[in-house]
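In: Here is a sequence with its predicted model. Questions after.
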Amino acid sequence: MADYKCFKCGKLISSKKLDKRFTCPHCNSRIFYKPRKAIVKIKAK
């Protein structure tokens, strides 16, 4: 299951809640994105 973040209110929404109607349950926005994990950069010696 993927988690999406609402672009307008910034709340996390699971894909189960977005089953058939792809709108935010908090603010009724239709713009979402998948938040990325933080990337750790390691310097080569």
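Out: Thanks, I have it. Numbers count the residues shown, from 1 in each chain.

In: Count the residues that sit near Asp3.
Out: Using other CB atoms under 10 Å, Asp3 has 11 neighbouring residues. Backbone N, C-alpha and C define where each C-beta goes, glycine included.

In: beta partners for it?
Out: Counting by DSSP bridges, Asp3 is bridged to Ser14.

In: close enough to count as contact, it and Ser15?
Out: Yes. Using CB atoms under 8 Å, Asp3 is in contact with Ser15, at 7.2 Å.

In: Please determine how far Ala2 is located from Arg36.
Out: For Ala2, the distance to Arg36 equals 12 Å [CB to CB, to the nearest Å].

In: which of these two has more neighbours?
Out: Ala2 (10 against 6).

In: what packs against the lowest-mean-pLDDT helix or strand in the chain?
Out: When each helix and strand of the chain is scored by mean pLDDT, DSSP states H and E, strand 12-14 comes last, with a mean of 86. On a contact count with 3 or more CB pairs under 8 Å, 6 or more residues apart in numbering; DSSP states H and E, strand 12-14 meets strand 3-6.

In: buried set for the strand it packs on?
Out: Neighbour-count burial for strand 3-6, counted by 16 or more other CB atoms under 10 Å, picks out 4, 6.

In: that older thread, quick check: buried residues in the least confident helix or strand of the chain?
Out: Ile13.
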